[in-house]
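Q: show me how the following folds:
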Amino acid sequence: MTSLLNYAIPGLPFGCIYALVAVGLVLTYRSSGVFNLAFGAQAYISAAVFYDTAGTHHWPTWVAFVFSVLVVGPLVGLILDRAIFRYLRTASATVKLIAATGLLVGIPALIQALWFGTKSKLRPPAVGPNPEHFYKWHSYGIDSNQVAVVIATILVVVGLGFLFRSTAFGLRMRAVVESPRLLQLQGINAERVATSAWVLSSVLAALAGVLLAPLYARVDTTNFTVLMVAAIAAAVLGGLRSLPLTLLGGIILGVGQEVLTKYLPLGNVLVKGFRPSVPFILLMALLLFRPGLRKPDVADPLAGVSPPPPPLAASLRDERLERLNRVMFPTFVVAFLAVSLFVLPSYWLFLVTQGIIMSVIFLSYTVVMGMAGQVSLCQATFAGFGALTTAQLATNHGVPVLLAMVVGAAVAALVGIVVALPALRLGGLYLALATFAFALMVDNLVFPQTWAGNGQSGVAVPRPQLGPIDFTANRAFFLLAMAIFAVCALVVVFVRRGTTGQRLAAIRGSQVAAETVGIDPRRAKIVAFALSAAIAGLGGALLGSLQGTVSGDSFNYLYSLFWLVLVVTTGVRTVEGAVNAGMALVFVPEFLHHLPGRWANLEYVLFGFGAINYAKHPEGAVEYGKRRSIERVVGWRRRRELRATSELGSERMPDEDERTGVSA
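A: Below is the predicted model:
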């Protein structure tokens, strides 16, 4: 028992921080209806400010603490609410989730560029007494910083419990998520109540970030992303409602992870990955099996209702533009192939090929999100399954590379079905969280294994060969990538125009209405997930063959987040949007890397904040610009034709004397 407590007590501060973040998530969700995935990014902002003020500029610890938690924290929350989330109160869960994901990607990169640059961010000073005190009771020990974390968490939870249950303001915050319109009819400013909740939750995020930072060796964004997932698991354990259960869930997670250290053997790669995967496993299990999560969270019949997406630009072209497009498109393709094959040097041809392959992977988003309307946060994981299967079969088992790629795509499709079968009954926010938890589990438990990604060493992936045709040369491999992209693009177009695409469009518009006309949403969504995973797996196999080696780190879960915001920014509903995203992923960083070091990763800022525009333009910025241009051209031509018709009619119209037959 004594030995067990010696392991459990060090986990208590982590559990309290998990609980603190989870309580903030519940507060934001219950008061504004937004599940704020950017909560970890907000915590990172205050942790970075605390590090810079207390660690670099040597402010007194308490001054840096007050500034980071009570000034920076609420200011960040106020800015986010006023600039972004107040416009999303009645938006769909997908729109809110995309906006929060964009902030999760963009905010840390922006802080890194503006605040730190290339400086290393080491452990900041502790929040408690400096130097730290160590308290011992019998054989149990805990330091002053851990005591501060526990006390702060208890005070916050008690205060919030009193606020929600015993004050008029707390009741208003609970009511605003049920129906802001009804609250407004009572003479209460619902907008102000929701903004106040955002500010309060941001204080909790700031407090969690400042308390967490000294517990790690460095102030790193990855720690705060993992913190978010653990907090989500605690929040789901509380049903996104109960503060006591949320607190209990966070503490159980933190303590449980440390207790596992006592019982799990050391040295095994699988066991080593199991301990950090406990929050992800628990989150996945809770999402799948906790009762009540699929019940509607709001009583407002109009909550989450969004207008239908605007028509695609191609559907607005008139006859002249259609004829022009039929001439220009093949001309552009021929010119692109000619320049790539005969003009570009080897390095730039490699980049173009990489862009084409990424376009193949991004076509998977066109299927699962553009057609089916489902947010998947594990597309990079599907690509990883395809790449690693191809690598293992081709390198270690002598299977021809092209055949191994096909098998890799099939394995990815099977994994997609395995994920979809239990998770699709959730839908919306919970489906996205389930796929995110799955990606994190695979990153920790599967990809590091020798039989999969072979750890840090990776697995070699040779270039394919088809009979006498060798694709080892860059130009030959470019043609192979173009051919595979063309096949995948045609499959996507045919599916969208066929019966499956029509069913998915009906489900995306209204699942209830689709069910009333006999459409099985589960079957259609499983088909979409399987096809999406197969395309991602094939693209991952191609990417591994292009680069020559692949490992588990090649398809980290963070790539799924960045790829999502990138495709959403360029256009997730069209093949052209996937191509734009693939080329942007390759060439935008290539040009940005010529900037000073602190701005080298500016693409995360650009595309992260660009995803916020999804709420206003769900077709994507590029597709929106294209649609507006076509509308202007078509409108200008119609106005010109009307003027010409009007002038011609006025010239032919006889005067009054001619009509009456009266001469002068």
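
Q: make it CA atoms for all contacts and neighbour counts henceforth
A: OK.

Q: which is the next helix or strand following the helix or strand hosting residue 47?
A: Using DSSP states H and E, residue 47 maps to helix 39-50. Later in the chain than helix 39-50, the nearest helix or strand by DSSP H and E is helix 61-66.

Q: so for the chain, the centremost residue is which one?
A: Centroid check for the chain by Cα atoms, centre = their mean gives residue 561 as the closest residue, at 3.5 Å.

Q: residues touching that one, list them.
A: 101, 105, 377 (Cα atoms under 8 Å, 6 or more residues apart in numbering).

Q: tell me, how many neighbours does the second one end up with?
A: By other Cα atoms under 10 Å, the residues close to residue 105 number 27.

Q: shouldn't it be in contact with residue 604?
A: Yes - contact status for residue 105 versus residue 604: in contact at 6.2 Å, counting by Cα atoms under 8 Å.

Q: ok so, going back, in strands, which of the contacts of residue 561 fall?
A: Of the contacts of residue 561, none are assigned to strands by DSSP state E.

Q: would you turn the residues you listed into TSV with distance to residue 496 and pLDDT?
A: Shown next, in TSV, are those (distance: Cα to Cα, whole Å; pLDDT from 0 to 100):
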residue	distance to residue 496	pLDDT
101	27	87
105	30	86
377	22	91
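
Q: for the residues you listed, which one is nearest residue 157?
A: residue 101 (26.6 Å; Cα to Cα).

Q: overlap in contacts, residue 105 and residue 604.
A: In contact with both residue 105 and residue 604: residue 562, using Cα under 8 Å, 6+ apart.

Q: domain parsing for this structure?
A: Domain segmentation of the chain under automatic domain parsing yields 2-129+151-262, 361-618.

Q: can you tell me which of those domains the model trusts least?
A: Mean pLDDT is lowest for domain 2-129+151-262 out of the domains of the chain, coming in at a mean of 80.

Q: torsion angles phi and psi at residue 375?
A: With angles defined as degrees, to the nearest 10, residue 375 sits at phi -90, psi 110.

Q: next, the contact list for it, please.
A: 94, 368-369, 428-429, 431-432.

Q: tabulate the residues you listed (a markdown table), appending distance to residue 626.
A: Formatted as a markdown table, the contacts of residue 375 follow (distance: Cα to Cα, whole Å):
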| residue | distance to residue 626 |
| --- | --- |
| 94 | 24 |
| 368 | 23 |
| 369 | 21 |
| 428 | 29 |
| 429 | 30 |
| 431 | 32 |
| 432 | 30 |
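
Q: most neighbours, which of those residues?
A: residue 368 (26 neighbours).

Q: my guess is that residue meets residue 377, correct?
A: No - checked against Cα under 8 Å, the pair residue 368 and residue 377 is beyond contact range at 10.7 Å.

Q: what separates residue 197 from residue 547, distance-wise?
A: 48 Å (Cα to Cα, to the nearest Å).

Q: what helices or strands is the helix or strand residue 208 falls within leaning on?
A: Assigned by DSSP H and E, residue 208 belongs to helix 190-212. Helix 190-212 sits against helix 2-32, helix 39-50, helix 73-83, helix 168-178, helix 180-185, with contacts defined as 3 or more Cα pairs under 8 Å, 6 or more residues apart in numbering; DSSP states H and E.

Q: may I have that helix as PDB, with CA atoms only?
A: Extracted in PDB, the C-alpha atoms of helix 190-212 (Å, rounded to 0.1, in the frame of the first residue of the first chain):
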ATOM      1  CA  ALA A 190     -27.200  36.300 -23.800                       C
ATOM      2  CA  GLU A 191     -24.300  37.600 -25.800                       C
ATOM      3  CA  ARG A 192     -22.800  39.200 -22.700                       C
ATOM      4  CA  VAL A 193     -23.300  36.000 -20.600                       C
ATOM      5  CA  ALA A 194     -21.600  33.800 -23.200                       C
ATOM      6  CA  THR A 195     -18.700  36.300 -23.500                       C
ATOM      7  CA  SER A 196     -18.300  36.200 -19.700                       C
ATOM      8  CA  ALA A 197     -18.100  32.500 -19.800                       C
ATOM      9  CA  TRP A 198     -15.400  32.600 -22.400                       C
ATOM     10  CA  VAL A 199     -13.400  35.000 -20.300                       C
ATOM     11  CA  LEU A 200     -13.800  32.800 -17.200                       C
ATOM     12  CA  SER A 201     -12.800  29.600 -19.100                       C
ATOM     13  CA  SER A 202      -9.800  31.300 -20.500                       C
ATOM     14  CA  VAL A 203      -8.600  32.200 -17.000                       C
ATOM     15  CA  LEU A 204      -8.800  28.400 -16.300                       C
ATOM     16  CA  ALA A 205      -6.800  27.700 -19.400                       C
ATOM     17  CA  ALA A 206      -4.200  30.200 -18.400                       C
ATOM     18  CA  LEU A 207      -4.000  28.800 -14.800                       C
ATOM     19  CA  ALA A 208      -3.600  25.300 -16.200                       C
ATOM     20  CA  GLY A 209      -0.900  26.300 -18.500                       C
ATOM     21  CA  VAL A 210       1.100  28.100 -15.900                       C
ATOM     22  CA  LEU A 211       0.700  25.300 -13.400                       C
ATOM     23  CA  LEU A 212       1.700  22.600 -16.000                       C
END
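
Q: which strands or helices does whichever helix or strand comes after it pack on?
A: Using DSSP H and E, the next helix or strand after helix 190-212 towards the C-terminus is helix 221-237. Applying 3+ Cα pairs under 8 Å, 6+ apart, one finds that helix 221-237 contacts helix 2-32, helix 39-50, helix 243-263, helix 269-289.

Q: swap the cut-off to 6 Å and go again
A: helix 2-32, helix 39-50, helix 243-263 (3 or more Cα pairs under 6 Å, 6 or more residues apart in numbering; DSSP states H and E).

Q: export the domains of the chain as TSV, with columns for distance to residue 284.
A: Converted to TSV, the domains of the chain look like this (distance: least, Cα to Cα, whole Å):
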stretch	distance to residue 284
domain 2-129+151-262	8
domain 361-618	6
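
Q: how far off helix 269-289 does whatever helix or strand residue 444 lives in point, in degrees?
A: Assigned by DSSP H and E, residue 444 falls within helix 428-445. Per axes from the mean of the first three to the mean of the last three Cα atoms, to 10 degrees, the angle that helix 428-445 makes with helix 269-289 is 170 degrees.
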